[in-house]
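[1] this one's structure only:
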């Protein structure tokens, strides 16, 4: 089969884990491929994906081969596949816009972005790169809060006539206006805000849904997350957290028996701890009432390497978008989005979302 040709905006930790994974699973078989939700989707395996264009704004990445850029600072995720040959794809300068938060200047250089002195890319530059590289889709891995920059790249995808995979909590696929633009252009779009393989939000959702199904009245809950990667540093700027907080909150609220009032639920990033690097720690508490109004509570501590936890999900999203292109599906991929993303256009319980994505993969929708 032909390769799936992807372009990536933002060569940070998530892109690093994704690209490492594409090489790591090339040496695996269905029997030894641990950590994937699907080994094959419509004939496409993980190593059938290749990077053909990449954009960033950091001087330690711009101008370097993607195979080197994914290991450059401030990236700090686990290296589980470090032996990667030169890709022949050079990271080019993207557009900064709101993709950089000024508060990062107060931190050491190896913990933040170092803005490249290369001239910022214009829309025509990005569109030309997408076209000449013959990309099938553009992946958005920009920092949380990059609303203007995300819309810039979504517009580039439309103009270049490629699919769009929105992995961050800026609302594109779940915005009816943007969804209609992709549908009218005959292009697939999926998002928003990637749901980790076994992360804080998916586990929180599962437990809230369990309470509902078992007749436990949920009175209050919180999810506190701390980490040491650039994303957590970026999110110290509370003004960049509006869409992220909405995305995570709605992911949990949508599966509760009754929506909780604002003072009884907190779901979101909480603090930046540098020495944790790409490890995210979640502290989760749920308080409820059982039979006879007897109180109970649950506390959970989850520790996961943040970026690999999303990479396998992104691999599925990429393959679903490619399949959609081949089938002539335009607009939002509702079934896959509901299973793979925190803020899809339609929130449904995860068991229903699982059936929807399997139906899509089988070609029955």
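    Done, it's in. None of the values given here were measured: they were computed from a predicted structure.

[2] Just confirm residue 234 contacts residue 143, I think it does.
    Yes: with contact defined as C-beta atoms under 8 Å, residue 234 counts as touching residue 143 (4.5 Å). Heads up, the C-betas are built off the backbone N, CA and C, glycines and all.

[3] Please tell me how far residue 128 sits from residue 92.
    As judged by C-beta to C-beta, to the nearest Å, residue 128 and residue 92 stand 10 Å apart.

[4] Tell me which of the two has more neighbours.
    residue 92 (18 against 15; other C-beta atoms under 10 Å).

[5] got the contact list for that one?
    Going by C-beta atoms under 8 Å, 6 or more residues apart in numbering, residue 92 touches 53-55, 62-63, 121, 125, 129.

[6] go on, residue 233?
    Here residue 233 is in contact with 104, 107, 111-112, 272, 274 (C-beta under 8 Å, 6+ apart).

[7] Would you list the phi and psi of it?
    Main-chain torsions, residue 233, degrees, to the nearest 10: phi -60, psi -40.

[8] What pLDDT is listed against it?
    The confidence metric pLDDT takes the value 96 at residue 233.

[9] buried sites along the lengthiest helix in the chain?
    Counting by DSSP state H, the longest helix found in the chain is helix 308-327. Of all the residues in helix 308-327, those buried under the rule 16 or more other C-beta atoms under 10 Å are 308-325.

[10] Quick one: mean pLDDT for it?
    The model assigns helix 308-327 a mean pLDDT of 97.

[11] Tell me the helices and strands packed up against it.
    Packing partners of helix 308-327 (3 or more C-beta pairs under 8 Å, 6 or more residues apart in numbering; DSSP states H and E): strand 4-9, helix 13-24, strand 49-56, strand 137-140, strand 163-166, strand 188-190, helix 334-340, helix 350-362.

[12] Of all those, which one is nearest residue 230?
    helix 13-24 (7.0 Å; C-beta to C-beta).

[13] Run the angle between the closest one and strand 49-56 for me.
    Interaxial angle, helix 13-24 versus strand 49-56 (axes from the mean of the first three to the mean of the last three C-alpha atoms, to 10 degrees): 150 degrees.

[14] begin at 23 from here
    Fine by me, first position is 23 from now on; the one you just mentioned is helix 35-46.

[15] Contacts for helix 35-46 next, please.
    So helix 35-46 is contacted by 30, 68-69, 71-73, 76, 88-89, 92-93, 97-106, 161, 163, 189, 216, 251-253, 300, 328-330, 332-334, 336-337 (C-beta under 8 Å, 6+ apart).
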